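**Student:** need coordinates for the below:
(one chain, ligands or ions: 1)
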Amino acid sequence: MQPIKNIVIVGGGTAGWTAAAMLSCHFPPERCRIEVVESEEIGTVGVGESTLPPFVRLLQKLGIDEQDFVRSTQGCYKLGIRFENWLEQKHSYFHPFGALGRNIGNHDFYQCWLKARQEGPVAPLMAFSPCAAMAEAGRFYQPTRAGGGPAGTASYALHMDASLATDYLRRYAKAKGVHHTEGRVTSVNQQPGGNIASVQLENGQSLCADFFIDCTGFSALLIEKTLGVGFKDWSELLPCDRSVSVKTAAPDVLRPYTQATARKAGWSWRIPLRTSTGHGHVYSSRFCTDAQAKSILLKSLDAPRISEPRFIPFTPGHREEMWKGNCLSLGLSAGFIEPLESTSIHLIARGVEFFLRYFPDTDCDPALIREYNRRMSADYEEIRDFILLHYCASQRTDSDFWKHCRQLPVPESLQQRIDLFRAQGLLREQLDPLFRPSSWQAVFEGMGIRPRRPAPQTDTLDMETLRQALEQTHAAVNAVTTLQPTHEEYLKGLQSTSS
Ligand SMILES: Cc1cc2nc3c(=O)[nH]c(=O)nc-3n(C[C@H](O)[C@H](O)[C@H](O)COP(=O)(O)OP(=O)(O)OC[C@H]3O[C@@H](n4cnc5c(N)ncnc54)[C@H](O)[C@@H]3O)c2cc1C
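**Tutor:** Sure thing, here's the model as predicted:
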């Protein structure tokens, strides 16, 4: 049993530096030497601006001051995603972070709301979400400072400039002792059994290690080009395969949410940052040319453009094995499901967490590798199903793309979720899922999938008590929302605390 004493991470994008930061927090340099090699000439993918609440928790675990991170990355706060035109044209809904309402007695809040709705008029589901209410009002507050009321059940994530975030994590990891080499890897040398022995740089330098992490983005230099690991292609399930993105000047109003607007052959994002806004159009090359996609994107801009349009092709799916032998793949080299629910950076951090949980010796016991691959595949499948739901439940028929979406083959795992939800508003139990019940409930509701009846346990509920409890929660969410600062005021406060 030889412990791993050195790790080389190839690639210095968000994946490479997130992995370096997390590993350096775990291993002091004398226990394990970590080195990141990256090529400035190749550069990074340069997108990835919208995160999920676990990213905020990751910053906390790393001991990073969140406010400093927000200031340094032109960051803003995100309370969820506003979906426009997905169910049908001119329809919108919100997928908020955090809880929807609060349980009433021993009864699940969502079931209580369903019961009340079955019996008569009731406020919309989003009226019980502090995040949805704050987003609607353009307000923001840290839930931890909101006391025990309903605002305390809110949650949030960040919008950030992807390059500045990578710079931040690079500085963090280097301060913790991570070595940094600039250079292009031109070849990879293998041991007789197939494991990776070293990577060779253009300048002739060779980097040996016990373990390698492939963070080379879509080029997947180690996991695919060297070890030949195949790709589970989900193009038949997820219709989009290209994106075009630009930046514009900062908007007048900084909305505390990502906007995802469905288009004729895909959708476009709008991500506010403090000094600019990220815009992108994700589309299907079967139904839309690059020129059409660019034109749709440029016509939708609401401020002067400050960057050239950048096209990125992709194939939805993931590696058949994300870890093979002494090589782990993270980030785009491991897989990519389109950015509709901002899940990629989460998957990077999740990959490192599982790697630390199943951390091997130099023999890389296959049992650890199998469990890692099983666990990560389950995460990819959960995210695939959640994203597919947005497409397959749409009632749009105004373009060939949306007609195609109505015929997408729905995997059994998603069909079971839909059937269970339609039956009694129930959700499939899953070990440590990314998307909590409130996320599924919000998207099912937003996409027009409604349960036939509430669960029978609600039959014993006293309707008067139920109505009063719902009214109180609704009123409390409203009251607390109006007390919060606007998102701009909150961000200004952050700037002044730094000076
Ligand atoms: C259109 C689009 C929108 C996205 N939006 C989001 C979002 O909102 N939220 C989210 O969480 N994620 C998003 N993502 C995903 C996110 O961008 C990536 O998960 C994240 O940036 C990680 O990328 P990476 O580090 O794997 O790859 P890259 O950023 O491509 O980095 C690859 C690194 O490898 C290096 N490299 C490559 N080859 C070599 C070589 N031969 N020698 C040396 N170095 C090499 C490069 O120089 C670079 O440093 C989006 C992705 C796309 C395509």
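
**Student:** and the residue nearest the centre of this protein?
**Tutor:** Compute the mean C-alpha point of the chain, and by CA atoms, centre = their mean the closest residue is Thr343, 2.0 Å away.

**Student:** pretty sure that residue is touching Ile383, no?
**Tutor:** Yes: in this structure, Thr343 is within contact of Ile383 by CB atoms under 8 Å, at 4.9 Å. For glycine as for every other residue, the C-beta is placed from the backbone atoms N, C-alpha and C.

**Student:** overlap in contacts of the two?
**Tutor:** Residues touching both Thr343 and Ile383 (CB atoms under 8 Å, 6 or more residues apart in numbering): 337, 434.

**Student:** how about the contacts made by Arg310?
**Tutor:** Arg310 touches 46, 244-246, counting by CB under 8 Å, 6+ apart.

**Student:** now those in CSV, with pLDDT?
**Tutor:** Shown next, in CSV, are the contacts of Arg310 (pLDDT from 0 to 100):
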residue, pLDDT
Gly46, 88
Val244, 98
Ser245, 98
Val246, 97
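
**Student:** show me these that map onto strands.
**Tutor:** With DSSP state E as the criterion, strands contain 244-246 from among the contacts of Arg310.

**Student:** coming back round to it: quick check: the farthest pair among the contacts of Arg310?
**Tutor:** Of all pairs drawn from the contacts of Arg310, the widest gap by CB to CB lies between Gly46 and Val244 and measures 12.7 Å.

**Student:** ok, the two, which is more surrounded?
**Tutor:** Val244 (23 against 17; other CB atoms under 10 Å).

**Student:** tell me the first helix or strand C-terminal of the helix ranked longest in the chain.
**Tutor:** Assignment by DSSP state H gives helix 366-392 as the longest helix of the chain. Sequence-wise, the next helix or strand downstream of helix 366-392 (DSSP states H and E) is helix 400-406.

**Student:** identify the residues contacting that next one?
**Tutor:** Contacts of helix 400-406 (CB under 8 Å, 6+ apart): 239, 264-266, 284, 286-288, 391-392, 394, 396-397.

**Student:** again, only this time at 10 Å
**Tutor:** Under the contact criterion CB atoms under 10 Å, 6 or more residues apart in numbering, helix 400-406 has outside partners 86, 88-89, 239-240, 262-266, 283-284, 286-288, 388, 390-397, 399.

**Student:** buried ones among those?
**Tutor:** 86, 239-240, 262-266, 283-284, 287-288, 388, 390-394, 396 (16 or more other CB atoms under 10 Å).

**Student:** give me the residue from the stretch 301-450 of the chain nearest the ligand.
**Tutor:** Using CB to the nearest ligand atom, the single residue of the stretch 301-450 of the chain nearest to the ligand is Gly331, 2.3 Å away.

**Student:** what's the closest non-adjacent residue to that residue?
**Tutor:** Ala15 (2.5 Å; CB to CB, 6 or more residues apart in numbering).

**Student:** can you name every helix or strand that the helix or strand hosting the one you found contacts?
**Tutor:** Element membership of Ala15 [criterion: DSSP H and E] is helix 14-26. Helices and strands touching helix 14-26, by 3 or more CB pairs under 10 Å, 6 or more residues apart in numbering; DSSP states H and E, are strand 6-10, strand 33-38, helix 53-62, helix 162-175, strand 179-182, strand 211-214, helix 344-357.

**Student:** how far does that helix sit from the chain's center?
**Tutor:** With CA atoms, centre = their mean, to the nearest Å as the basis, helix 14-26 stands 17 Å off its chain's centre.
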